[in-house]
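Enquirer: Take this sequence and fold it.
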Amino acid sequence: MLLDNLPHTATAKVRTRALDSLGGPKDTFAIVFSDRACWQQPASSREIMQAKQRDIAITDKVYFAADPELDERHVLVIDGITYSVRDVAHPDASSGLGVLYRVMVLQEDYAA
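Expert: All right, here's what the predicted structure looks like:
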């Protein structure tokens, strides 16, 4: 069953904003979880347009078997590629395989 063998693994990090020694903003990241099974796919053109109508830019979607409890403060690293979480995790029963949690993300080096 696919839910038992999701093809990718993700590391989630939470972004914390601090001030550097000159008083400027500096982002630091703490690991929330690592090596969690997931399934990363490109977002469909329909999903991209729906997100754009809400002023959210996305490139991909990531499915988890359990709620990953992620929000816009988090980044995911999957296969060496970093993605910014653009929306909170939502249950998605449309997969036909049971309930998966879908997170919409933006590839960080994506040039729009």
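Enquirer: Please count neighbours and contacts with C-alpha atoms only from this point.
Expert: Noted.
Enquirer: For stretch 37-55, which outside residues touch it?
Expert: 5-10, 57-65, 78, 104 (CA atoms under 8 Å, 6 or more residues apart in numbering).
Enquirer: pLDDT below threshold where in the protein?
Expert: 1-4, 93-98, 110-112 (pLDDT under 70).
Enquirer: hmm, what's the outermost residue in it?
Expert: The C-alpha centroid of the chain is most remote from residue 22, which lies 31.5 Å away (CA atoms, centre = their mean).
Enquirer: What secondary structure category should be reported for that residue?
Expert: When classified by DSSP: H, G, I helix; E, B strand; the rest coil, residue 22 comes out as coil.
Enquirer: Could you number the chain from 130 rather than 1 from now on?
Expert: Happy to do that; since the first residue is 130 now, the last one works out to residue 151.
Enquirer: From residue 184, how far out is it?
Expert: Using CA to CA, to the nearest Å, we find residue 151 at a distance of 33 Å from residue 184.
Enquirer: Residue 220 now?
Expert: In terms of CA to CA, residue 220 sits 21 Å off from residue 184.
Enquirer: how about the residue nearest to residue 235 when sequence neighbours are not counted, what does it touch?
Expert: Distance criterion CA to CA, 6 or more residues apart in numbering; nearest residue to residue 235, sequence neighbours excluded, is residue 187 at 4.4 Å. By CA under 8 Å, 6+ apart, the contact set of residue 187 is 172, 177, 180, 181, 215, 233, 234, 235, 236.
Enquirer: So which bits of the helix or strand harbouring the fourth one are buried?
Expert: Residue 181 belongs to helix 174-182 when assigned by DSSP states H and E. By 16 or more other CA atoms under 10 Å, the buried positions in helix 174-182 come out as 176, 177, 180.
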